[in-house]
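A.B. asks: need a 3D model of the following:
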Amino acid sequence: MKINSLFYEEFKEDILKCKLCPHECILYPNKKGICDVRQNIKGELYTLNYSDTTSIGLDPIEKKPLFHFHPGEKVLSLGTWGCNLKCPFCQNYEISQMKPQFLKKVYPKALPSLLENYGVKGVAYTYSEPIVWYEFVLDSSRAVKYADPNNYNVLVTNGYINEKPLKLLLQYIDAMNIDLKTFDDKIYKKYLKGGLEPVKNSVKITKESGVHVEVTSLIVPGINDDLEMLEKEFIWLSDLSKDIPLHLSRYYPAYNYTEPATDVNFLVEAFNIAKKYLDYVYIGNIWDSKYENTYCPNCGEVVILRNGYDIDIKNLNSDGGCKNCGEKIVTM
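C.D. replies: I've put the predicted structure just below:
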């Protein structure tokens, strides 16, 4: 289904400039942007994937990953196709870099009923890149909040979006996990076809807006397995706030990238460096409780035990604070 895009302007006669993300693609008649889902049709910019859903189901919120937002709950998760980055190691390339043969139609007004039927309060826009699904996500998140203000919306994103559309969307988003794929702008441009500064800006704006934010860095050999570069990332995050949870995830070969999986010893070394600067650091994709549990940064009490997606909330009060000392740990 195609509808008009919200963010674009006329560049020259019949030539448009998309204003959704920092690529700001110049689109001649009938041409699509780098995302492959926005097209100049007769002098108007259309989004081609509105309501196109590649996957829908219930997930643990820890799978997003979000460890400090409604822990132990399940969220209705759905995603579309298309992406505005071109990561050669993409774990979801079947839907991010091509249009799948089979799609379901899901409309925004249906989401409140789906939440009620599943008995959950939250929706996660995930699997592929929700930024290129912008109009659907905006309409859906509004419908979810208007149906019940206690409902919540979660965005799992690469953060490569312009400031104006981000700020509009944040009015209806409660939590985000943002991929910070490398802390080197040249690598962002060369391998991912993106840029570092817009992603840093998205993390900063999201944090300053009061929306819960966690950051994921997939550690990919040959891309960002550089401890000096990673330490710069950890310092930058801690300057924003020491309480931003950071997930260091293990890469496995996928799509067009065949380097062996990330060395676990390297991940542990990066984890130990990150802990010098940040209160909450986790290692993903290795399934080791030692690196998944949450401990109170104030008194050291174990607050949440995790074994994969088995969540045992041990010492958390009803306000999301540590039962032992009251330190705020999670958003409930």
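A.B. asks: what residues are up against residue 142?
C.D. replies: Listed by Cβ atoms under 8 Å, 6 or more residues apart in numbering, the contact set of residue 142 reads 108, 172. In this view, the C-beta of every residue, glycine as well, is placed from N, C-alpha and C.
A.B. asks: next, give phi and psi for it.
C.D. replies: phi -60, psi -50 (degrees, to the nearest 10).
A.B. asks: likewise residue 89?
C.D. replies: Dihedral angles (degrees, to the nearest 10) for residue 89: phi -110, psi 20.
A.B. asks: can you pull out the strands in the stretch 101-250 of the chain?
C.D. replies: 104-105, 122-125, 152-157, 175-179, 212-219, 246-250 (DSSP state E, counting those that start in this stretch).
A.B. asks: indicate which one of the ones you listed is closest to residue 295.
C.D. replies: Checking the strands of the stretch 101-250 of the chain against residue 295 by Cβ to Cβ gives strand 246-250 as the closest, at 14.4 Å.
A.B. asks: just how off-centre is that closest one within its chain?
C.D. replies: Put simply, strand 246-250 sits 13 Å off its chain's centre (Cα atoms, centre = their mean, to the nearest Å).
A.B. asks: who's in contact with residue 14?
C.D. replies: 28, 29, 40, 43.
A.B. asks: hang on, the earlier thing: for the strands of the stretch 101-250 of the chain, give me TSV that also has mean pLDDT.
C.D. replies: Listed next are the strands of the stretch 101-250 of the chain as TSV, based on pLDDT from 0 to 100:
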stretch	mean pLDDT
strand 104-105	96
strand 122-125	98
strand 152-157	98
strand 175-179	98
strand 212-219	98
strand 246-250	98
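A.B. asks: between the ones you listed, which one is nearest to residue 297?
C.D. replies: strand 246-250 (13.1 Å).
A.B. asks: any idea which helix or strand comes after the closest one?
C.D. replies: Going down the chain from strand 246-250, the next helix or strand is helix 264-274, by DSSP states H and E.
A.B. asks: and the helix or strand just after that following helix, average pLDDT?
C.D. replies: Moving toward the C-terminus from helix 264-274, the next helix or strand (DSSP H and E) is strand 281-284. For strand 281-284, the mean pLDDT works out to 98.
A.B. asks: mind giving me the packing neighbours of strand 281-284?
C.D. replies: strand 246-250, helix 264-274 (3 or more Cβ pairs under 8 Å, 6 or more residues apart in numbering; DSSP states H and E).
A.B. asks: partner strands of the shortest one and their direction?
C.D. replies: To tie it back to what came earlier, the one meant is strand 246-250. strand 212-219 (parallel), strand 281-284 (parallel) (DSSP bridges).
A.B. asks: what does it rub up against?
C.D. replies: For strand 246-250, contacts defined as Cβ under 8 Å, 6+ apart pick out 65, 67, 177, 214-219, 234, 237, 261-262, 264, 267, 270-271, 274, 278, 280-286.
A.B. asks: got it, and stretch 162-176?
C.D. replies: For stretch 162-176, using Cβ under 8 Å, 6+ apart, the contacting residues are 6-7, 19-22, 24, 66, 69, 122, 134, 137-138, 141-142, 144-145, 152-157, 198, 201-202, 205-206, 209, 211-214, 331.
A.B. asks: can you do 7 Å?
C.D. replies: Residues from elsewhere that reach stretch 162-176 (Cβ atoms under 7 Å, 6 or more residues apart in numbering): 7, 19-22, 66, 69, 134, 137-138, 141-142, 145, 152-155, 157, 201-202, 205-206, 209, 211-213.
A.B. asks: which of the residues in that stretch are buried?
C.D. replies: Within stretch 162-176, the residues that qualify as buried are 162, 165, 166, 169, 170, 172, 173, 174, 175, 176, counting by 16 or more other Cβ atoms under 10 Å.
A.B. asks: please apply the same query to stretch 252-267.
C.D. replies: So stretch 252-267, judged by 16+ other Cβ under 10 Å, has buried residues 255, 257, 262, 266, 267.
A.B. asks: what's the burial count for the residue nearest to residue 103 when sequence neighbours are not counted?
C.D. replies: In this structure, residue 103 finds its nearest non-sequential neighbour in residue 52, 4.8 Å apart by Cβ to Cβ, 6 or more residues apart in numbering. Residues lying near residue 52 (other Cβ atoms under 10 Å) number 23.
A.B. asks: hey, what's residue 52 bridged with?
C.D. replies: residue 105.
A.B. asks: then residue 154?
C.D. replies: Where residue 154 sits in a bridge, its partners, by DSSP bridges, are residue 124, residue 175.
A.B. asks: surely it meets residue 63?
C.D. replies: No. If you go by Cβ atoms under 7 Å, residue 154 and residue 63 don't touch, sitting 10.9 Å apart.
A.B. asks: neighbour count winner among those two?
C.D. replies: More neighbours surround residue 154 than the other of residue 154 and residue 63, with 26 against 16 (other Cβ under 10 Å).
A.B. asks: distance of the more buried one from residue 59?
C.D. replies: Relative to residue 59, residue 154 is positioned 10 Å away (Cβ to Cβ, to the nearest Å).
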